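1. sequence first, then the predicted structure:
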Amino acid sequence: MSDVSLEAKAGDLLSDAPSAFARYEAIRPRLPKARFPAQSLHLPSLDAVADHVDGFLLDAFGVLNVGETAIPGAVQRLQSLRARGKRLSVLTNAASYTRAQLLAKYHRLGFDFTADEVVASRDVAVAQLQTIAPGATWAAISAAGDSFADIPARLVDAVADPAALRTADGVLFLSTARWTPALQSDLIDALSQRPRPLVIANPDLVAPREGGLTIEPGLFGHDLLDQVAVPTHWFGKPFPEAFAEGIARTGLPPDRLAMVGDTLHTDVLGGAAAGCRSVLVTDHGLFAGLDVRPFIEASGMIPDFILGSI
C-alpha cells in the first residue's frame, strides 16, 4: 500500500509543484531512460532555438496555453517560426478531447494548426487497443459527454456504470474529470481480484490551469501500480509511441527537432529518450514562479535549452 493516501497526495499536487516533482521522481523507474547534455543553453525565445533545429514538437499546457487561455505572444511566435520554414507539431497528453475538439480549441485560441499537426495521446492509445486486447470491451474512465465516437472499440462508461470495472476485458483511462477516490478504490479492488489490461492515455500527474495544478490520470495510474501488479500500457509523453507519431508528422529526423515543454519528467525526458533536443519553458507551467535549477540538479534531467516563454 502507499504510505500516503491518494486524497492527501491529490491535495498536495493541486497546488504544490515541488510535491508533484517528488512524486515524479518516486515513479521514475517506470519512465523511459534517456541521456542528457552536460549543460543547458539559456535563450530568449524559440526564435533563438530555431537557429539550432529545423522543427519543434510542442506541448500545449504551460507552453501554448494555460487552461483555456493562450499564453501572451505564443501565437505570434509560432507564426514567426513558420515564416522561417520550421515544421511544427503539437504533442499533447490531453486525452479528454478528440483531435477535432483539440483542433477547434487551438483555433479558438488563435493558433493555425492543421489536423495533421496535432498528435493527441488519446489517438495514440486508441490505435493500440486492438493489439493489446483484440475484440475487448473496455471500461472507459472519461469526461462527461464523451461519446467515444472516435474510438473503434466497444466501450462502456465506467463512471456511469462502475460495474464495468469488474466485467469489462480492460480499462481505458482518459480523464480524471469525474473520477473519485471511491471509484479508485473500486478499480484497485476489481483489478486485484481479476487482473486485466489497463491503458492510461494521459501519463501526466498534474497539468497547469488558470487556478493551479489539476490531477491527471497518471497520478491515479501510479497509485494503482503501487498496490496492484497489472499489465499497464502508457501512451503519451514521455513514452515512445507518442513521440514516434509526432516525429513522423514532421518528416524530420529526431535530432533536427526540439521538444518544447514545461516539465522535466514528461517533455524533457521524453524528448531526450526519443533522440530530440529539449526545451524547458519555465514561466507558465509546472515551474512557474520557481527557480528550476534545484529541480534540474536533483533529477539530472538537463534540457538542451531553457526559456522563460516561447
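-> Happy to help now that I have it.
2. who's in contact with the nearest residue to Phe295 once chain neighbours are set aside?
-> Distances taken as CB to CB, 6 or more residues apart in numbering put Phe21 closest to Phe295, at 5.6 Å, once the chain neighbours are dropped. For every residue, glycine as well, the C-beta is placed using N, CA and C. If you count contacts by CB atoms under 8 Å, 6 or more residues apart in numbering, Phe21 has them with Leu264, His265, Leu286, Phe295, Ala298, Ser299.
3. any low-confidence regions in the stretch 51-200 of the chain?
-> Counting by pLDDT under 70, not a single residue of the stretch 51-200 of the chain qualifies.
4. please, where are all the strands along it?
-> 55-58, 65-66, 69-70, 87-92, 118-120, 137-141, 154-157, 170-173, 198-200 (DSSP state E, counting those that start in this stretch).
5. between those strands, which one is nearest to Gly211?
-> Smallest distance to Gly211 across the strands of the stretch 51-200 of the chain (CB to CB): 9.8 Å, for strand 65-66.
6. what residues does the closest one touch?
-> For strand 65-66, contacts defined as CB under 8 Å, 6+ apart pick out Ile71, Ala74, Leu109, Pro208, Arg209, Glu210, His284, Gly285.
7. from Met259, how far out is the third one?
-> Between Leu109 and Met259 the computed distance is 21 Å (CB to CB, to the nearest Å).
8. could you do the second one as well?
-> For Ala74, the distance to Met259 (CB to CB) stands at 16 Å.
9. okay, the two: which has more neighbours?
-> Taking other CB atoms under 10 Å, Ala74 and Met259 do not tie; Met259 has more neighbours (32 against 22).
10. and the residue nearest to the more buried one when sequence neighbours are not counted, what does it touch?
-> Nearest residue to Met259, sequence neighbours excluded (CB to CB, 6+ apart): Gly271, at 2.8 Å. Going by CB under 8 Å, 6+ apart, Gly271 touches Leu57, Pro238, Phe243, Ala258, Met259, Gly261, Arg277, Ser278.
11. same check on Gly110?
-> Ala70, Val75.
12. quick check: it vs Ile141, distance?
-> Gly110 sits 32 Å away from Ile141, going by CB to CB.
13. and if you look at Thr69?
-> Computed with CB to CB, the distance linking Thr69 and Ile141 is 27 Å.
14. I'd like the next helix or strand past the host helix or strand of His233.
-> Using DSSP states H and E, His233 sits in strand 232-234. Per DSSP H and E, the first helix or strand lying C-terminal to strand 232-234 is helix 240-250.
15. helices or strands next to that next one in the packing?
-> strand 55-58, strand 87-92, strand 118-120, helix 121-126, strand 257-261, helix 269-273 (3 or more CB pairs under 8 Å, 6 or more residues apart in numbering; DSSP states H and E).
16. got the CA coordinates for that helix in PDB?
-> Extracted C-alpha coordinates of helix 240-250, given in PDB (Å, rounded to 0.1, in the frame of the first residue of the first chain):
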ATOM      1  CA  PRO A 240       7.900   6.400 -27.100                       C
ATOM      2  CA  GLU A 241       4.800   5.800 -29.200                       C
ATOM      3  CA  ALA A 242       3.600   9.400 -28.900                       C
ATOM      4  CA  PHE A 243       7.000  10.700 -29.900                       C
ATOM      5  CA  ALA A 244       7.300   8.400 -32.800                       C
ATOM      6  CA  GLU A 245       4.000   9.700 -34.200                       C
ATOM      7  CA  GLY A 246       4.900  13.300 -33.600                       C
ATOM      8  CA  ILE A 247       8.300  12.900 -35.200                       C
ATOM      9  CA  ALA A 248       6.800  11.200 -38.200                       C
ATOM     10  CA  ARG A 249       4.300  14.000 -38.700                       C
ATOM     11  CA  THR A 250       7.200  16.500 -39.200                       C
END
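17. could you chop the protein up by domain?
-> If you go by automatic domain parsing, the domain ranges for the chain are 6-10+129-234, 32-123+238-307.
18. now tabulate those in TSV and tack on distance to Ala17.
-> Converted to TSV, the domains of the chain look like this (distance: least, CB to CB, whole Å):
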stretch	distance to Ala17
domain 6-10+129-234	7
domain 32-123+238-307	5
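19. now do the helices in the stretch 51-200 of the chain.
-> Under the criterion DSSP state H, counting those that start in this stretch, helices of the stretch 51-200 of the chain are mapped to 74-83, 99-108, 121-126, 129-132, 164-167, 181-193.
20. okay, these in a markdown table with distance to Gln39 next?
-> Listed next are these as a markdown table, based on distance: least, CB to CB, whole Å:
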| stretch | distance to Gln39 |
| --- | --- |
| helix 74-83 | 25 |
| helix 99-108 | 33 |
| helix 121-126 | 31 |
| helix 129-132 | 40 |
| helix 164-167 | 47 |
| helix 181-193 | 41 |
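21. and of these, who's closest to Ile27?
-> helix 181-193 (16.1 Å).
22. identify the residues contacting the closest one?
-> Contact with helix 181-193 is made by 6-7, 10, 141, 158-159, 162, 165-166, 171, 198, 220, 223-224, 227-228, 230, as judged by CB under 8 Å, 6+ apart.
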